[in-house]
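*Asks:* turn this into a structure:
(2 chains, ligands or ions: 1)
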Amino acid sequence: MYLAPDGEEAEIATAASDFLVGAMPIDRLHVAGSADMSAELRALFGEMGWFALAVPEAMGGSGLSAVEHTLFFREAGRQCGPIDLLAQSLAANVAQDAGLRAALIAGEVAVGLLVADGTQFRLLGSSDAAWGLTVTEGQAALYPLASIAPAALPSLDPANSMRLLGALPEPAHQVTGSHISQLGQLGAAAMLVGMAECALDLIVEYAKVRETFGRKIGSWQAVRHPCADMAVRVEAARSQLWYAAAAMKEGRADAAAHLDAAKHLANQAALANADSNIQLHGGIGVTDEHHAHLLLKHALLLSRLFGGKRSLLTRLLHAELED
Amino acid sequence: MDLHFSEADHLFRARARAWLAANVPNEVRPAHGPESAQFDRDWQRKLFDHGWAGVAWPSEYGGLGLSGLQQVIWYEELARARAPHHINTMYIGLMHAGPTVIARGTEEQKAFHLPRILSGEAIWCQGFSEPNAGSDLASLKARGRIEGDHLVVNGSKMWTTDAQHADYQELLIRTGEDGLRHKGLTWVICDMKSPGIQIKPIRTMLGDEHVNMVFYDDVRIPLSNVVGELDQGWSTAMATLSFERGLGFIGDQLELYERVKRAIDLAGKTRLDDGRLALEDDGIAQRLSSIKADCMAIRAMTLADIAETDRTGMPGPKGSMMKLMVTTTHKALSEVAGEILGWSFLEFGGDRTAHPWTYDYLWSWVFSISGGTSEIQREITADRVLGLPKSR
Ligand SMILES: Cc1cc2nc3c(=O)[nH]c(=O)nc-3n(C[C@H](O)[C@H](O)[C@H](O)COP(=O)(O)OP(=O)(O)OC[C@H]3O[C@@H](n4cnc5c(N)ncnc54)[C@H](O)[C@@H]3O)c2cc1C
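*Replies:* Residues are numbered from 1 along each chain as shown, chains lettered A, B, ... in the order given. Next up, the predicted model:
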């Protein structure tokens, strides 16, 4: 029993953090048009093998587990990484054709995430996405987007563009089972935990330097106490995330329930911490140039993906757990 | 990262489960009076006779010396078996005074007191807080002056849980100069039958009288009862702090999950005033499920923390966050139970057995105030976990 990154896991987390801070820092989102990943950036991720983490070795991937997948996406969350990253790594597990799979892993073709909205679909991801991925509880499918021109929509989330599709073409690749949706849920939960951590780090850093009435704001209890609550949310969501990742890796029967709990806690932690982070920064917290609003807006998007509140809680209510 | 329990851990769980299934008493613990304390003594004696006493104590002092992980298993099985609650009159002896004597006591003190605590013969209480010293414990004023080989104690303590049942008290008094705060305190074992002690019950909002004022009028305590050094009582009191932070609340942490399951069962068979089952109400179902997720996280936090401590041998600073999470979740669960139960939630006249949910709801505030208030836990988290500038 051990519930924290250990040994090689910790090394992968550090490598992911170093890479993401260099290649995709959160600061990028203050530049207009930054929602889309450039082809070069995507290829750089591919070159480093980040899209291949959870792809089995027999399919040309690294054959690592749900745990490494989680560690990478938590670091991606800390930089407000776009949903493209997750769509791309899941698609690499869905593609049935070795050539396409290799291109996905290498980051040579782009994938966006398709989310059903009534009879229409929302496409989240870069505008050069050649493929769209749908993931439901029991099925994942890849759709070629070449012949479709989705309508561009404004997007609240600066980390992702959003477009609308009326109907989907025939899927080109499909897999059944819950593996992909579980990886997706874990990745989204991990990103949200990373974002909740990022919000906490930002305010703790600021509270140590900003002064009012001749004191650091971090010495005012009206600031300290909400910071402590943010820390509790992080601790709870992160612990449950580790538990869910390990449960999935070990193929435990209750993994789905632990994933649902992890996603729910991550949703709550990211949203509430983003909220407190803005408030405790004062005026600077509502400026466009600050990171604070990026975390809130990205959390609003991610908290709706791979299990929003309603569906998660409905499933979790009667779920049985193992010792 | 892994969730493996060892073969030994599985065997331990099976053994604990089987023993508890056969030995948990059917009778309900009396709510008040000497018979409640006798019930606790009997259960502790039974645990002791069958080799289950002192799960956290080192084996050289008669305990089981269990790893943190096996303690988790033990408390999970206690909760599952609905065994007598671990917070009873034995709690201070087993979880606080005993570990302090183990850490700082003399050989004589250990030889006399430890076996009596383990076997349920001796009940202990904690006399730290005073009418004007709670959160700010270091401002305490009860005095001990040295007369020959005795301390003579005068002053008063407040909130002393179970003082009326206790044989001994861990008593924190001022022996040094006034105004020196942490310096000049002494931790001493007080025999509760000593002349000059007067106990006055305080009735609480739960309708019971478990906490007390304790008055000391020239109470003579042999100097040989001092644990640790004279005037070094703060250090003695802190000796168990890391223990409390690590494992002191583990029972409460793990019990919550059993309670949320019971609440879901309750909602599945209780009708609201509009005739629907409570579980058919979206609001209630969602809140229960969300609390279930919180309880799962509490278990994950417990396991994460304990696995780390088992590895490093040193508990981390996370206990305060744990207490915040546990007390908040406890209250949220009690509030939903109130909604599920409708009017019957309000039929409470102090009978814990007949109305456990109402009792537990009222207990929420005891939980978030005693043992360090939530505000103090936030202060500790801000200081020790986040490294924010001090507020005082
Ligand atoms: C049912 C019960 C059983 C108890 N059992 C025992 C026992 O057996 N033995 C024992 O020794 N003690 C016991 N206690 C005492 C308990 O530890 C104290 O009540 C607790 O530490 C709070 O102290 P206080 O009541 O003096 O409140 P105060 O310290 O007066 O606090 C009043 C309010 O101010 C807040 N506050 C205080 N300081 C700060 C600060 N620095 N920053 C922000 N907010 C602050 C508190 O959170 C609280 O809300 C028990 C208490 C209760 C209610």
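
*Asks:* near the ligand, which residues of the stretch 151-300 of chain A show up?
*Replies:* Within the stretch 151-300 of chain A, the positions adjacent to the ligand are residue A:221 by C-beta under 6 Å from any ligand atom. C-betas here are computed from N, CA, C, even on glycine.

*Asks:* which residue does the stretch 151-300 of chain A have closest to the ligand?
*Replies:* Evaluated by C-beta to the nearest ligand atom, the stretch 151-300 of chain A has residue A:221 as its residue closest to the ligand, separated by 5.6 Å.

*Asks:* relative to residue B:115, how far out is residue B:299?
*Replies:* As defined by C-beta to C-beta, to the nearest Å, residue B:299 lies at a distance of 33 Å from residue B:115.

*Asks:* those two: who's more crowded?
*Replies:* In this comparison of residue B:299 against residue B:115, neighbours counted by other C-beta atoms under 10 Å in any protein chain shown, the higher total goes to residue B:299 at 21 against 16.

*Asks:* which other helices and strands contact the lengthiest strand in chain B?
*Replies:* Residue-count comparison of every strand in chain B, with assignments taken from DSSP state E, identifies strand B:211-222 as the longest. In this structure, strand B:211-222 packs against strand B:150-158, strand B:185-191, strand B:197-202, with contacts taken as 3 or more C-beta pairs under 8 Å, 6 or more residues apart in numbering or on different chains; DSSP states H and E.

*Asks:* buried set for the following helix or strand past it?
*Replies:* Helices and strands here follow DSSP states H and E; after strand B:211-222, the next one along the chain is helix B:233-239. Judged by neighbour count (16 or more other C-beta atoms under 10 Å in any protein chain shown), helix B:233-239 contains these buried residues: B:233-234, B:236-239.

*Asks:* just stretch B:64-84 next, same as before
*Replies:* For stretch B:64-84, the neighbour count (16+ other C-beta under 10 Å) marks B:64, B:66-81, B:83-84 as buried.

*Asks:* narrow these to those in helices?
*Replies:* The members of the buried residues of stretch B:64-84 that map onto helices under DSSP state H are B:68-80.

*Asks:* reformat the residues you listed as CSV; add pLDDT.
*Replies:* Compiled in CSV, those are given as follows (pLDDT from 0 to 100):
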residue, pLDDT
B:68, 90
B:69, 92
B:70, 94
B:71, 93
B:72, 92
B:73, 95
B:74, 95
B:75, 93
B:76, 93
B:77, 95
B:78, 94
B:79, 92
B:80, 93
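
*Asks:* closest one of these to chain A?
*Replies:* Taking C-beta to the nearest C-beta as the measure, chain A sits nearest to residue B:69 out of these, at 5.7 Å.

*Asks:* I figured that closest one hits residue B:306, correct?
*Replies:* Yes. Counting by C-beta atoms under 8 Å, a contact exists between residue B:69 and residue B:306, whose distance comes to 6.0 Å.

*Asks:* related to what we said a few turns ago, deepest of the helices and strands packed on strand B:211-222, which one?
*Replies:* Burial among these, expressed as mean neighbours by mean count of other C-beta atoms under 10 Å in any protein chain shown, is greatest for strand B:185-191, which shows a mean of 24.

*Asks:* so does that strand get close to the ligand?
*Replies:* No. Strand B:185-191 lies apart from the ligand when judged by C-beta under 6 Å from any ligand atom; the minimum separation is 12.1 Å.

*Asks:* chain center to that strand, what's the gap?
*Replies:* In terms of C-alpha atoms, centre = their mean, to the nearest Å, the centre of strand B:185-191 is set 20 Å apart from its chain centre.

*Asks:* please enumerate the strands of the stretch 101-250 of chain A.
*Replies:* A:111-117, A:120-124, A:131-136, A:139-144, A:151-153, A:162-165, A:173-176, A:211-212, A:215-216 (DSSP state E, counting those that start in this stretch).

*Asks:* nearest residue to residue 98 other than its sequence neighbours?
*Replies:* Using chain A. residue A:60 (6.9 Å; C-beta to C-beta, 6 or more residues apart in numbering or on different chains).

*Asks:* not quite, I wanted chain B
*Replies:* Closest residue to residue B:98 apart from its sequence neighbours, by C-beta to C-beta, 6+ apart: residue B:117 at 4.7 Å.

*Asks:* for residue B:55, give me its contacts.
*Replies:* Residue B:55 sits next to B:63-64, B:66, B:70-71, B:74 when contact means C-beta atoms under 8 Å, 6 or more residues apart in numbering or on different chains.

*Asks:* tell me which parts of chain B are close to the ligand?
*Replies:* With C-beta under 6 Å from any ligand atom as the criterion, chain B meets the ligand at residues B:125-129, B:134-135, B:159-161, B:211, B:366, B:369-373, B:375-376, B:379, B:392.

*Asks:* in strands, which of those residues fall?
*Replies:* Judged by DSSP E, strands contain the following of the residues of chain B next to the ligand: B:125-127, B:211.

*Asks:* follow-up on the earlier one: list the neighbouring strands of the longest strand of chain B plus their orientation.
*Replies:* For strand B:211-222, the pairing partners within the sheet under DSSP bridges are strand B:150-158 (antiparallel), strand B:197-202 (antiparallel).

*Asks:* mean pLDDT added to the ones you listed, as JSON lines?
*Replies:* Shown next, in JSON lines, are the strands paired with strand B:211-222 (pLDDT from 0 to 100):
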{"stretch": "strand B:150-158", "mean pLDDT": "98"}
{"stretch": "strand B:197-202", "mean pLDDT": "98"}
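
*Asks:* in JSON lines, list those along with distance to residue A:270.
*Replies:* Putting those into JSON lines (distance: least, C-beta to C-beta, whole Å) gives the following:
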{"stretch": "strand B:150-158", "distance to residue A:270": "43"}
{"stretch": "strand B:197-202", "distance to residue A:270": "44"}
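
*Asks:* okay, now residue B:322: neighbour count?
*Replies:* Other residues within reach of residue B:322, judged by other C-beta under 10 Å, total 24.

*Asks:* likewise for residue A:253?
*Replies:* Look at residue A:253: counted by other C-beta under 10 Å, it has 10 neighbours.

*Asks:* and residue B:44, by the same measure?
*Replies:* Neighbour count for residue B:44, taken as other C-beta under 10 Å: 26.

*Asks:* element containing it?
*Replies:* helix B:33-49.

*Asks:* residue B:180 too?
*Replies:* Counting by DSSP H and E, there is no helix or strand that carries residue B:180.

*Asks:* where's it relative to residue B:231, distance?
*Replies:* Relative to residue B:231, residue B:180 is positioned 9 Å away (criterion: C-beta to C-beta).

*Asks:* what does residue A:255 give?
*Replies:* Residue A:255 sits 55 Å away from residue B:231, going by C-beta to C-beta.

*Asks:* what do you get for residue A:99?
*Replies:* In this structure, residue A:99 and residue B:231 are separated by 79 Å, where distance is defined by C-beta to C-beta.

*Asks:* so for these two, which residue has more residues nearby?
*Replies:* Higher neighbour count among residue A:99 and residue B:231: residue B:231, with 17 against 8, using other C-beta under 10 Å.

*Asks:* list phi and psi for the residue nearest to residue A:98.
*Replies:* Its backbone dihedrals place residue A:60 at phi 90, psi 10, with angles given as degrees, to the nearest 10.

*Asks:* repeat that for the one 4 residues further on.
*Replies:* Reported as degrees, to the nearest 10, the phi and psi values for residue A:64 are phi -90, psi 180.
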